[in-house]
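Engineer: Starting from these lines, generate the structure:
(2 chains)
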2 protein chains.
Amino acid sequence: MTSPEIDALTQALARLPGLGPRSARRAVLHLMKKRETAMAPLLRALERVNEALAVCSICGNVDTTNPCGICADPRRDARLLCVVEEVSDLWALDRSHLFPGRFHVLGGRLSALEGVRPEDLAIDSLIARVAAGGIDEVVLAMNATLEGQTTAHYLAERLESYPIRLTQLAHGLPVGGELDYLDEGTLAQALRARRPVA
Amino acid sequence: MTSPEIDALTQALARLPGLGPRSARRAVLHLMKKRETAMAPLLRALERVNEALAVCSICGNVDTTNPCGICADPRRDARLLCVVEEVSDLWALDRSHLFPGRFHVLGGRLSALEGVRPEDLAIDSLIARVAAGGIDEVVLAMNATLEGQTTAHYLAERLESYPIRLTQLAHGLPVGGELDYLDEGTLAQALRARRPVA
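Structural biologist: Reported below is the predicted structural model:
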């Protein structure tokens, strides 16, 4: 019985990750009841991001400028390059404020199952960045999944002829992880990479 | 490190019920990566609802027309009026497709604690609708809370002089409810309102 306009808004919101039909309806009602304090700011913010939306032609990040804020930031260490599968991984690492370098987004991972081949990912542009020189270290920050690690291996082969340090994220116990609840794969990695107590 | 525009959008989304900072970031990323299929439809839907947004001057529903779709629908039984606390209650009842009549939204509930008095709610307009005649039954569909029931009692007093049938929603076991997990209040209501087995 809600109007077609309201239905369309509910459906558009319900397709967002983390929202379903029920929470989308609650969100729409909230927006309609708080037109000035909720609807108007959201509409304005959405219009601005939509206008300025750009994919960084250097690293593949999505941002409101091209090059993106990270690639354009002179304080970032250009000799340090972190390769990730997805933009969401870039954002996650960047939020931690622990990585002072720049990024390269592959746009996915190699997958025989899903038919994702090297030419489907931003690998040539990665090689080109490395070949152009000025990069000392490439961190392969793929997910700790079979496909992520396959992709990392493939990249390691493609990059081995360049004079760079090639590293990958450490595997082991997550902070707060309890042995009892961890899978055998993680335990095996943590054991294999064990270090002397400082 | 994300741009001010992206931060503003994340914050606007994070204030919606059911979303937090983390899911709002994921939603923003989703919108930016799917500009045509996610961002554009959401923006368009939001613009349309924002333009047409109206509070129904008859019942208090929020909709994109005034009178709202329910009040304007000639198939609705005008002799049957359901009084609810909030627009969300109206939407919940309407979604069930079980109530063929019209609604009246109070805009809250009487509350000594929060200082909500009768004149803060749409009670005078309810009385006026009933006094205008043509209504056979008023269903008091307040929440089963202390304040909801206080409000129902108050409305029952105000409406008792009119030639209408005054009813309220049944209280008892929710469908699928297990005795073991129900509060004593619900159990007491269910016992008190027990019915002969058909």
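
Engineer: Any regions of chain A where pLDDT drops low?
Structural biologist: A:1, A:198 (pLDDT under 70).

Engineer: In it, where's the longest strand?
Structural biologist: Longest strand in chain A, counting residues (DSSP state E): strand A:77-84.

Engineer: so A:Arg109 is in which element?
Structural biologist: Applying DSSP states H and E as the criterion places A:Arg109 outside every helix and strand.

Engineer: ah, wrong one, I meant A:Val139
Structural biologist: strand A:137-140.

Engineer: which neighbours does the longest strand of chain A have in its sheet, and in what orientation?
Structural biologist: strand A:101-105 (parallel), strand A:137-140 (parallel) (DSSP bridges).

Engineer: now the longest one: how far from the chain's centre is it?
Structural biologist: Per CA atoms, centre = their mean, to the nearest Å, the displacement of strand A:101-105 from the mean C-alpha position of its chain is 10 Å.

Engineer: list the buried ones in it?
Structural biologist: A:101-105 (16 or more other CB atoms under 10 Å in any protein chain shown). C-betas here are computed from N, CA, C, even on glycine.

Engineer: now do the last one
Structural biologist: The neighbour-count check on strand A:137-140 (16+ other CB under 10 Å) flags A:138-140 as buried.

Engineer: hmm, back to that, which parts of the helix or strand following the strand holding A:Val139 are buried?
Structural biologist: The element immediately downstream of strand A:137-140 (helix or strand, assigned by DSSP H and E) is helix A:146-159. Using 16+ other CB under 10 Å as the burial criterion, the residues of helix A:146-159 that qualify are A:147-149, A:151-152, A:154-155, A:159.

Engineer: so helix A:146-159 versus strand A:101-105, what angle?
Structural biologist: 110 degrees (axes from the mean of the first three to the mean of the last three CA atoms, to 10 degrees).

Engineer: Counting by contacts, list what helix A:146-159 packs against.
Structural biologist: Applying 3 or more CB pairs under 8 Å, 6 or more residues apart in numbering or on different chains; DSSP states H and E, we find helix A:146-159 packed against helix A:124-131, strand A:137-140, strand A:165-168.

Engineer: if we go to 10 Å?
Structural biologist: Under the contact criterion of 3 or more CB pairs under 10 Å, 6 or more residues apart in numbering or on different chains; DSSP states H and E, helix A:146-159 touches strand A:77-84, helix A:124-131, strand A:137-140, strand A:165-168.

Engineer: what about the second one and chain B, touching?
Structural biologist: What that stands for is helix A:124-131. No: interface with chain B: helix A:124-131 contributes nothing (CB under 10 Å from any CB of the partner chain), its closest point being 17.8 Å away.

Engineer: Show me what counts as buried in that helix.
Structural biologist: A:125-126, A:129-130.

Engineer: Contacts made by it with the rest, please.
Structural biologist: A:57-60, A:81, A:83, A:102, A:104-106, A:118, A:122, A:135, A:138, A:155, A:158-159, A:161-164, A:166 (CB atoms under 10 Å, 6 or more residues apart in numbering or on different chains).
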